[in-house]
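Asks: dropping a prediction and its sequence here:
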Amino acid sequence: MTTLFWQQLGKRKQDIVLLHGWGLNAEVWRTIEVECGSHFRLHLVDLPGYGRSNLFPPMSLQQMAEVIWQKAPKQAIWLGWSLGGLIASIISLNHQAEIAGLITVASSPCFGQQENWPGIKPTVLKGFERQLQIDFHRTVERFLVLQTLGTKTTNGDIRLLKSVILEQPLPSVAVLNAGLEILRTTDLRQSLLTLNKPFLRIYGDLDSLVPKKIVPMLDKWLPNSPSVVIKHAAHAPFISHPNQFIQLLVDFLGQLEK
C-alpha cells in the first residue's frame with residue numbers, strides 16, 4: 001500500500017504543516033525542528049513521490065494537495081517552501097474554512113518568467129528536464145547550488161542539502177520532471193486574490209530562483225499579505241538564517257492569537 005510519510009513532533013496547541021521543495025524531503029526542516037517545536041506542533045511531510053513517500057507516482061499539483069490534505073490536522077498553519085509553497089497555497093485555497101493561515105517561503109505563485117513578470121526562464125526548467133535524463137545526480141546537485149548561491153554559509157548549506165537528499169530514498173526522474181512541469185506552468189496569482197486567511201510571504205534577498213523583484217509586485221497585488229525579505233539569504237533562508245526565520249513564524253502565530 002502506498003503511504004504518505006507524516007511525522008508529528010512537539011505538543012504545542014498550534015499545528016503547523018511543513019512542506020519541502022523540489023528534489024528534497026522533510027529532513028530539510030531538522031535544522032529548525034527543536035526551536036520551532038517549542039512554539040508549534042510540527043507536522044513533517046515527505047511530498048508524494050519524494051523521500052519516504054517515494055512509492056507515489058508522478059502527480060499534478062491538485063493531486064498532491066489532496067493526498068496531503070487527507071492526513072492533515074484542521075486549523076493548521078500551512079508553510080510551504082518553494083514547490084511546497086504552491087502546494088500549501090492550493091490546499092489553503094481549497095480548504096479556507098479549515099486552515100489557520102498560510103506561509104510561503106522562497107516561493108512564487110508563478111515561478112515561470114512571463115511578460116512583465118520576473119521568474120525562471122522556461123528554457124532553464126526544460127533544460128533541467130533534459131539533463132535529468134542524462135545525469136540525474138549532477139542535475140540535482142546543480143539545483144542545490146542555485147538554492148544557496150551567494151550566502152556566507154553557501155558551502156555548509158550545500159553539504160546539508162546534499163545530506164538531506166542522500167539520507168532518504170531518491171525521487172524518480174518522472175516525479176522530478178512532474179515537479180518541474182508544475183513549476184513551469186502553474187500561475188496562482190489570480191487565485192490568491194480570493195484567499196481570506198492570514199498570509200505571510202518570506203523571501204531571500206539573494207534568491208536566484210525567486211527574484212526579489214516580484215516582492216513589491218505581489219505587495220501591490222496582495223495588499224493584505226505582508227512580506228519579509230531576509231538579507232543575505234538565498235533560496236533556503238530557514239537554513240542560512242534559522243533564528244530570524246523562526247522569529248517570523250512566532251510573530252505570525254502571535255498575530256493569529258490576538
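Replies: Sure, I can see it.

Asks: any idea which residue sits dead centre in this structure?
Replies: residue 81 (1.6 Å; CA atoms, centre = their mean).

Asks: mind listing what that residue touches?
Replies: Contact analysis of residue 81 by CB atoms under 8 Å, 6 or more residues apart in numbering lists 18-21, 28, 104-107, 236, 238. For glycine as for every other residue, the C-beta is placed from the backbone atoms N, C-alpha and C.

Asks: just those: which are in strands?
Replies: Under the assignment DSSP state E, the contacts of residue 81 contribute 18-19, 104-105 to strands.

Asks: the residue lying closest to residue 175 once chain neighbours are set aside: what secondary structure?
Replies: With CB to CB, 6 or more residues apart in numbering as the criterion, residue 175 has its nearest non-adjacent residue at 3.6 Å, and that residue is residue 49. Secondary structure for residue 49, judged by DSSP: H, G, I helix; E, B strand; the rest coil, is coil.

Asks: put the alpha carbons of the helix or strand bottoming out on mean pLDDT in the chain into PDB.
Replies: In the chain, the helix or strand scored least confidently by mean pLDDT, DSSP states H and E is helix 136-148, which has a mean of 82. Output in PDB follows, covering the C-alpha atoms of helix 136-148 (Å, rounded to 0.1, in the frame of the first residue of the first chain):
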ATOM      1  CA  PHE A 136      20.400  12.600 -12.500                       C
ATOM      2  CA  HIS A 137      22.800  13.300  -9.600                       C
ATOM      3  CA  ARG A 138      24.700  16.100 -11.200                       C
ATOM      4  CA  THR A 139      21.500  17.900 -12.200                       C
ATOM      5  CA  VAL A 140      20.000  17.700  -8.700                       C
ATOM      6  CA  GLU A 141      23.300  18.900  -7.300                       C
ATOM      7  CA  ARG A 142      23.400  21.900  -9.700                       C
ATOM      8  CA  PHE A 143      19.900  22.800  -8.500                       C
ATOM      9  CA  LEU A 144      21.100  22.700  -4.900                       C
ATOM     10  CA  VAL A 145      24.000  25.000  -5.700                       C
ATOM     11  CA  LEU A 146      21.500  27.500  -7.200                       C
ATOM     12  CA  GLN A 147      19.500  27.500  -3.900                       C
ATOM     13  CA  THR A 148      22.400  28.600  -1.800                       C
END
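
Asks: and the next helix or strand past that helix?
Replies: Once the chain leaves helix 136-148, the next helix or strand it forms, by DSSP states H and E, is helix 154-167.

Asks: that next one to helix 136-148, inter-axis angle?
Replies: For helix 154-167 against helix 136-148, the angle by axes from the mean of the first three to the mean of the last three CA atoms, to 10 degrees is 140 degrees.
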